[in-house]
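**Q** Give me coordinates for this.
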Amino acid sequence: MIYLALGSNLGDREWNLEQALALLADALKVDMLCSRVLETEALGFDGLAFLNQAVCFESDIAPEALLDLCQDIEVRLGRPRHEAQYDAQGRRVFSNRTIDIDILKFNDLEIHTDRLVIPHPQLWERPYVQELLNDITI
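**A** Below is the predicted model of the structure:
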């Protein structure tokens, strides 16, 4: 099973989640099991509240191809592409966004490349993600 987390804190947050899910399902030609939508405050920066949702599905897509698809959907829904930014202590700097799609788990794979880390490195640091995954764990 492949698990993704989606989040939005700009614009019509519900619409952004719905559109991202529709684009993913259409591109992958899969049925998805979706968690409930949960509102959380921004973590790691002073920002607007997020709507978050987790989904799982089965697919034969390669991990890097899924990353490309997720990033393409983010851009299509108004998120500008940029290189990750870090503060003086080496912590990642986050910002508001129309849509964020993170690959949480990809079957039982462990991947650590410059572009992709699976399981997602902040998976255990975000309690709401665990809560959403509990909604859909098979």
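
**Q** hey, which helix or strand in this protein has the poorest pLDDT?
**A** One helix or strand of the chain scores below all others by mean pLDDT, DSSP states H and E: strand 92-93, with a mean of 58.

**Q** average pLDDT across the helix or strand just after it?
**A** Next along the chain after strand 92-93, taking DSSP states H and E as the criterion, comes strand 100-106. The predicted model gives strand 100-106 an average pLDDT of 93.

**Q** now do stretch 66-76
**A** 94.

**Q** How about residues contacting it?
**A** Taking contacts as Cβ atoms under 8 Å, 6 or more residues apart in numbering, the residues outside stretch 66-76 that touch it are 2, 4, 20, 23-24, 27-28, 59, 61, 81, 97-103, 106, 115-116. Yep, even glycine has a C-beta here, placed from its N, CA and C like the rest.

**Q** mind redoing it with 6 Å?
**A** Stretch 66-76 has contacts (Cβ atoms under 6 Å, 6 or more residues apart in numbering) with 20, 23, 27, 81, 99, 101, 116.

**Q** got it, and stretch 95-115?
**A** 2-11, 16, 20, 47-48, 63, 70, 74, 77-79, 118-120, 123.

**Q** Generate the PyMOL command that creates a selection of the buried members of those.
**A** Buried subset of the contacts of stretch 95-115, written as a PyMOL selection, criterion 16 or more other Cβ atoms under 10 Å:
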select buried, resi 2+3+4+5+6+7+8+9+10+16+20+63+70+74+77+79+118+119+120+123
